[in-house]
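Undergrad: Let's see this in three dimensions:
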Amino acid sequence: MLRTFTFAAVLCAAVISAAVASATDYYLDPAGSDANDGTSPETAWQTLEHIKYSGLVQPGDRVLLKRGGLWRGHLDAPSGTPEAPIYYGPYGEGEKPTIYSSIDLTDPDLWIPPEEGSSIWKTRPALILGSEPLGMDQARWHLWTEGEAKASLEKTDFDGQTGWTLKCQKSGGRDNAIQLIVSPLPVSRDLEIVMKLRLRASRPFKMRNITLNKREKPWNQWAESNPKTVEVTGEWTDAELHFLCGADDPAARWTFFAGSCVPDDTELDIIPLEAYACFYDQMRLGSDVGNIILTPKGQFDKNADRTDDSHRRAAFKRWTAEDLKENDDFWFDKQTQQVWYYSDVNPALKYDECEAALHYHAIIAHEYQIFEDLAIGYAACHGIAGLNSKGCVIRGCDIFWIGGGEIGGYSSPTRFGNGIEFWAVGEDHLVENCRVWEVYDVAFSIQGPAATNYRNIVWRNNTVWNCEQSFEVWLTSPESQISNCVFEYNRCYDAGFGWSHVQRPNKNGTHLLNYDMKAKSIDFKFHHNIFSHARNGLTFFYSDRIAEFDIDENTWWQPEEEGVAGIDQELFLWGLWRKKDQEGGGPRRVSYQRYREMTGNDSGSVFAEPPALDKGPIAPLTETEEQ
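TA: Residues are numbered from 1 along each chain as shown. From the prediction side, this is the model:
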């Protein structure tokens, strides 16, 4: 297929070689120190968080992680520019550098034994070793407004308690149009800052965008609040905000970016109750544990290829303590931040791997970045989350055992997690030569409610297996568009046969998934791919717009089942939200030949058994395939 476009993501690879000549290489080593300058392997930094919080990484720089190294946490990657992207990749020899967004629970001392007659083990809660007051009541409270925002701040006495009243006449419509600032506040890395406030407002709203930042330019964000939103009503409400800091700063600032959430003509009353820094004896589990990945004793070989994981399995996440009835059932108690685990013995004695996946995206991508040859796993959210992202290259990465975390906003508990997702905005991206397996939802996705144009994105030469879905797209804004997007030369196997399928309430193991699709135009090609074996259907479109996608020159395959050849099974589904009495009929579920006749898609494709799944390293496309 002749591709006639060029875009910034592809250019990143060429630009980076020129950019680094006048830029800096920063090195990471698990044995390094964030007190180092990071500019050589001998003076390497240690933590992922320092990449962001140091404020040193600039466009054109390279961030190099030591091969064979393992980091626990997540990377919120600083952005480059079109002329000078930032490169994130390996140095040295050995296996790809690995990022786990999980906690290792194989230490027997981390588990509290069950009560007599019970089989429920609990993780030991983090113990507060001490705390220090921050002096929030002694710090300076002040207000910043810009643009068309109009607001004022007054010190107020509330029946003997000193507080503040923010009077918002006009919000300004942007987060930073009104900023309530409290500074200076001393914070330290890896300490949890706890702030207790009493709140009320003349009009109800959701308080959000609350952070700890550097007091001066470039105003680095040290932490955001947990919870991220607080309901404020006309009655006094006590709120407790937690911040896990990623830097040492003797004069940080607490900031409430109020411009987009406080309604016009609203008064917000705040009484600061207390603020202190907590010292814990171990890392806390945070807001959720989405999955626990298990390898039985004697079956873990740290030198084996990580794709050889037939011995690995997932514990079963339940939603109440009463649901814990079988071995390896677990429930996460959000109040105490403890895992409750049903087991006949201490779980640490049963498993060589017992990895609790925390509620993080392993990597957050933004703009003009290159991620190459990284291994990313055990995150309860996404492997790589592109948030309003542009100009990113993701090349040669391994992404595995992703998802399972709870996502809010639904009437019943709902889980999520994708391998690589571009949310709300996505343009000028290239995803190639990656291996993605064992993902709760989908390997690759573009989705969102915004009136945006997903454009110039290519996914090519990737291998996917054992994900619930291989590719997903949904856009709910009638003003959204898809233009110049291509999914080509990818090998997708065994959709719906991964760890998550048995735990899902909505079982839709498929290679191509579409929910709502209100985009006003669709320019999207699926060419030269292998789509082999799916549990629930080779396509699964809830909308009826499958014919608007350019799907052709692919290989489709499904083995015989109950004496029916795959080509005759009704595996192509679309229009699943259609009513039976709707004009044109209800949902479609048809065979391969009938699907081609009805949609015009795949006229040049074949239904034939492809080569066996090859999990090995991926060779780049040939020059002919590139064209």
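Undergrad: thought K155 was touching Q161?
TA: No: with contact defined as C-beta atoms under 8 Å, K155 does not reach Q161; the gap is 11.7 Å. Placement of C-beta: from N, CA and C, glycine included.
Undergrad: What is the burial count for N176?
TA: 18 (other C-beta atoms under 10 Å).
Undergrad: My read is that it contacts F257, right?
TA: Yes: using C-beta under 8 Å, N176 makes contact with F257 at a distance of 5.7 Å.
Undergrad: List phi and psi for I567.
TA: phi -70, psi -20 (degrees, to the nearest 10).
Undergrad: quick one: G172 and T145, what's the gap?
TA: 7 Å (C-beta to C-beta, to the nearest Å).
Undergrad: joint contacts of the two?
TA: Each of I178 lies in contact with both G172 and T145 under the rule C-beta atoms under 8 Å, 6 or more residues apart in numbering.
Undergrad: hang on, the earlier thing: overlap in contacts of N176 and F257?
TA: Common neighbours of N176 and F257 are not found (criterion: C-beta under 8 Å, 6+ apart).
Undergrad: Quick check: nearest residue in space to R62, chain neighbours excluded?
TA: Distances taken as C-beta to C-beta, 6 or more residues apart in numbering put Y87 closest to R62, at 4.3 Å, once the chain neighbours are dropped.
Undergrad: Surely that neighbour touches E372?
TA: Yes: using C-beta under 8 Å, Y87 is in contact with E372, at 7.1 Å.
Undergrad: So which of those two has more stuff around it?
TA: Remark: of Y87 and E372, Y87 carries more neighbours, 24 against 17, as counted by other C-beta under 10 Å.
Undergrad: Report the beta-bridge partners for that one.
TA: Per DSSP bridges, the residues bridged to Y87 are R62, I370.
Undergrad: And it, how far from S101?
TA: Counting by C-beta to C-beta - Y87 and S101 are separated by 22 Å.
Undergrad: Scan this protein for its longest strand.
TA: Looking across the chain with DSSP state E, the single longest strand is strand 266-280.
Undergrad: If you count contacts, what does that strand end up packed against?
TA: Counting contacts by 3 or more C-beta pairs under 8 Å, 6 or more residues apart in numbering; DSSP states H and E, strand 266-280 packs against strand 128-133, strand 150-158, strand 161-170, strand 178-187, strand 192-201.
Undergrad: Figure out which of the ones you listed is closest to Y342.
TA: The closest of the helices and strands packed on strand 266-280 to Y342 is strand 128-133. By C-beta to C-beta, the value is 28.2 Å.
Undergrad: Can you give me the first-to-last residue distance of stretch 282-293?
TA: 20 Å (C-alpha to C-alpha, to the nearest Å).
Undergrad: Let me know the average pLDDT across it.
TA: Stretch 282-293 shows a mean pLDDT of 86.
Undergrad: Now do it: distance to the chain's middle.
TA: Here the centre of stretch 282-293 is set off from its chain's centre by 15 Å, with C-alpha atoms, centre = their mean, to the nearest Å.
Undergrad: buried residues in it?
TA: Neighbour-count burial for stretch 282-293 flags L285, G286, S287, D288, V289, G290, N291, I292, I293 (criterion: 16 or more other C-beta atoms under 10 Å).
Undergrad: Which residues belonging to stretch 48-68 are considered buried?
TA: Buried residues in stretch 48-68 (16+ other C-beta under 10 Å): 48-54, 56-57, 59-67.
Undergrad: Of those residues, which belong to strands?
TA: Checking the buried residues of stretch 48-68 against DSSP E, those in strands are R62, V63, L64, L65, K66.
Undergrad: My understanding was that the first one contacts Y27; is that so?
TA: So the one you mean is R62. No: contact criterion C-beta under 8 Å: R62 and Y27 do not qualify, at 9.2 Å.
Undergrad: separation between the residue nearest to R62 and M598?
TA: Counting by C-beta to C-beta, the gap from Y87 to M598 is 46 Å.
Undergrad: quick check, nearest of the buried residues of stretch 282-293 to R415?
TA: G290 (6.7 Å).
Undergrad: Now do the same contact list for the residue nearest to L70 when sequence neighbours are not counted.
TA: Computed as C-beta to C-beta, 6+ apart, the closest residue to L70 that is not its neighbour in sequence is T98, at 4.8 Å. Residues in contact with T98 (C-beta under 8 Å, 6+ apart) are G69, L70, W71, L374, A375, I376, G377.
Undergrad: T98 pairs with what?
TA: Beta-bridge partners recorded for T98 (DSSP bridges): L70, A375.
Undergrad: So in terms of bridging, what pairs with the residue nearest to E274 when sequence neighbours are not counted?
TA: Spatial nearest neighbour of E274, chain neighbours left out: K196 (5.1 Å); criterion: C-beta to C-beta, 6+ apart. Listed beta-bridge partners, K196: E240, E274 (assigned using DSSP bridges).
Undergrad: I figured K196 hits H242, correct?
TA: No: here K196 does not reach H242: they are 10.3 Å apart, not a contact under C-beta under 8 Å.
Undergrad: Quick check: which ranges of this protein have low pLDDT?
TA: In the predicted model, the chain carries pLDDT under 70 at residues 1-22, 190, 218, 246, 580-585, 624-627.
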